[in-house]
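Engineer: Starting from these lines, generate the structure:
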Amino acid sequence: MRWRILTVIIGFGILYLVLLSKLYDIQFNKSAYYSAQAESQNIASGLLKATRGNIYFIDKNNKLIQAVLNKDYATIIAVPKDIQESARSYAEKLAPILNLSVEELEEKLSKPDDSYELLIQKATYEQVSEIREMELEGIYIKNESLRFYPFGSLASHLLGFVAPDENDKFSGRYGVELFFNDLLAGKSGESKGDKIIGPQDGQNVILTIDRNIQAQAEEVLKKLITEKSAEDGSVIIQEPSTGKILAMASFPDFNPNNYSQYDLKNFLNPAVQAVYEPGSVFKVITMAAGIDSGKITPETIYVDTGSVTYNGRTIKNWDNKAHGKQTMTGVIEQSINTGAVFAERKTGHDIFYNYLLKFGLNEKTGINLPGELKGNINNLKKNRDINFATASFGQGVSVTPIGLITAVSALANDGVLMKPLITSDEKPQVLRKVISSETAKAVTRMMVSAVKKNVIADIPNYSVAGKTGTAFIPDFVKGGYTDDVINTYAGFAPASQPEFTILIKLTKPAGAPLAGQTVVPAFRELAEFILNYYNISPDNL
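Structural biologist: All right, here's what the predicted structure looks like:
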């Protein structure tokens, strides 16, 4: 009897030692493995995932309109350690359904200790049905909260999109999604052994973009590009007194819901990430510099002979005509190149250059969007007369659309340059006083006179200030310029108390027409819409 009891005790002792050994092995030798497995399971379940913040447009009543939100989509994932057949066999079955290569799938599935592999997001109903019918062990379908853009391509360059990296971690790409990624993304939770630290959800971002003005701007721009067979175009609409951007659109655009179907070049925002030579719209900056420095007035007279020559190069007017005796106002009204050259010469190279710096044309505006470029006026550092002459009418210097509209808005804002704002929580920020209020009003009157003289942008009962620009595109291979043009129009209304500034840029319209035939009618259409939308009272009855 004693031996039996002893045998039982020894047996239980051995079992106890085995259990202790197993427990030690789990706790110390394999703790990292099981912790990683638990963390993978928590990640796969979405337990540690922070909810990304929404992005909102507004309307004229400051009502919030969802521009970007989270939506549940069917997601197909694999747990390779649960797969019973060969990875190759699974890959061959799944490839035609998921539209992925066999090799790509086989690589994902050939990880025996892996507990999570993303195969496809936003799976279609047909894909989900076929996967369910196959009943493959280790292949699962789950609902996952992903980004949804309810207005499709609307403001796509501005918004950007969210995409996974090589580790299937999602983050913002391009636009607001990238610039405010940390704010929107929040902070993922953590799994530390048996302790779980919950996630911190992302914050919402409210834009200054008015959804209705944005939609109208895109409609006008796309119609213009189609009718004129142009290569691309951009529109920016700004509130000059605060710097708020009310609309920012470019075309070709893309649908962020299906970003993978587009080329990378579509994702860059030309309004802030592209430079170009603006042409004669630059003449209002030249006049502002001359008038503010006291070197000229709107009534200063010169005699136009039709051409001027500096450093062996001859500059002519766009119409190849000599306009005779002209005032500076007449120069703006008729967009006379030689008149702008005269104004710059009277101002002086150093003074002119310093005013361009004050207008911010050689620096970034600081707008809260990624990848902003700055304008380039370095050509003037060579101190050659011909370079200053061509710069006076916007050739040989380059700007970004956002830089140019910010400068023109300073004319509309009594000479005060404002930082362009893109989110509603930003406070208006004065960058500096560029020109006096008197100079700003004088240049505005010249621009209003140009609109009245040329009629196309004129709106009954309203005073409208504007200036065209038709610039030849440089030939970066052969040097000089091509026969293609970029049309620009920049203007604001009502001129007596400006509520908005509009800049429209059109690249390579067929037949190289003047801006008056392309962007000016588009400007008027947009300006009329905004005047009616805001119910702005006439100022020129």
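Engineer: mind listing the strands for the stretch 301-450 of the chain?
Structural biologist: For the stretch 301-450 of the chain, the strands defined by DSSP state E, counting those that start in this stretch occupy 301-304, 307-310, 313-316, 324-327, 416-418, 430-433.
Engineer: Dump these into TSV; add distance to Ala78 as well.
Structural biologist: For every residue, glycine as well, the C-beta is placed using N, CA and C. Converted to TSV, those look like this (distance: least, Cβ to Cβ, whole Å):
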stretch	distance to Ala78
strand 301-304	75
strand 307-310	70
strand 313-316	67
strand 324-327	75
strand 416-418	53
strand 430-433	53
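Engineer: Of all those strands, which one is nearest Glu135?
Structural biologist: When the strands of the stretch 301-450 of the chain are ranked by proximity to Glu135, the top entry is strand 416-418, at 62.1 Å, counting by Cβ to Cβ.
Engineer: Show me what that closest one is packed up against.
Structural biologist: Using 3 or more Cβ pairs under 8 Å, 6 or more residues apart in numbering; DSSP states H and E, the elements in contact with strand 416-418 are helix 401-412, strand 430-433.
Engineer: still on that earlier bit, out of the strands of the stretch 301-450 of the chain, which one sits most buried?
Structural biologist: Among the strands of the stretch 301-450 of the chain, ranked by average contacts under mean count of other Cβ atoms under 10 Å, first place goes to strand 416-418 (a mean of 21).
Engineer: How many residues are close by Ser392?
Structural biologist: Applying the criterion other Cβ atoms under 10 Å, we find 30 residues in the vicinity of Ser392.
Engineer: go on, Pro199?
Structural biologist: Under the neighbour criterion other Cβ under 10 Å, Pro199 is assigned a count of 17.
Engineer: Do I have it right that it meets Leu48?
Structural biologist: Yes. Using Cβ atoms under 8 Å, Pro199 and Leu48 qualify as a contacting pair, with a distance of 5.9 Å.
Engineer: joint contacts of these two?
Structural biologist: For the pair Pro199 and Leu48, residues contacting each of them under the criterion Cβ atoms under 8 Å, 6 or more residues apart in numbering are 188-189.
Engineer: thinking again about what came up before, could I get the strands of the stretch 301-450 of the chain in TSV, plus columns for mean pLDDT and distance to Phe251?
Structural biologist: TSV is the format used below for the strands of the stretch 301-450 of the chain (pLDDT from 0 to 100; distance: least, Cβ to Cβ, whole Å):
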stretch	mean pLDDT	distance to Phe251
strand 301-304	95	38
strand 307-310	95	37
strand 313-316	94	33
strand 324-327	96	38
strand 416-418	98	27
strand 430-433	97	29
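Engineer: out of those strands, nearest to Leu64?
Structural biologist: Comparing the strands of the stretch 301-450 of the chain by their distance to Leu64 (Cβ to Cβ), the top pick is strand 416-418, with 24.0 Å.
Engineer: Other residues contacting that closest one?
Structural biologist: Contacts of strand 416-418 (Cβ under 8 Å, 6+ apart): 240-243, 358-360, 406-407, 409-410, 428-434.
Engineer: I'd like to know which elements the helix or strand hosting Lys223 is packed against.
Structural biologist: Using DSSP states H and E, Lys223 maps to helix 211-227. Using 3+ Cβ pairs under 8 Å, 6+ apart as the contact criterion, the elements in contact with helix 211-227 are strand 55-58, strand 232-238, strand 245-251, strand 500-507, helix 519-533.
Engineer: Distance to Lys346 and mean pLDDT for those - can I get that in CSV?
Structural biologist: Formatted as CSV, the helices and strands packed on helix 211-227 follow (distance: least, Cβ to Cβ, whole Å; pLDDT from 0 to 100):
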stretch, distance to Lys346, mean pLDDT
strand 55-58, 45, 98
strand 232-238, 31, 98
strand 245-251, 35, 97
strand 500-507, 28, 98
helix 519-533, 29, 97
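Engineer: Which of these sits closest to Lys222?
Structural biologist: Nearest of the helices and strands packed on helix 211-227 to Lys222, taken as Cβ to Cβ: strand 245-251 at 5.6 Å.
Engineer: which strands and helices sit next to the very next helix or strand once past that closest one?
Structural biologist: Per DSSP H and E, strand 245-251 leads on to helix 270-273 as the next helix or strand towards the C-terminus. Applying 3+ Cβ pairs under 8 Å, 6+ apart, we find helix 270-273 packed against strand 232-238, strand 245-251, helix 401-412.
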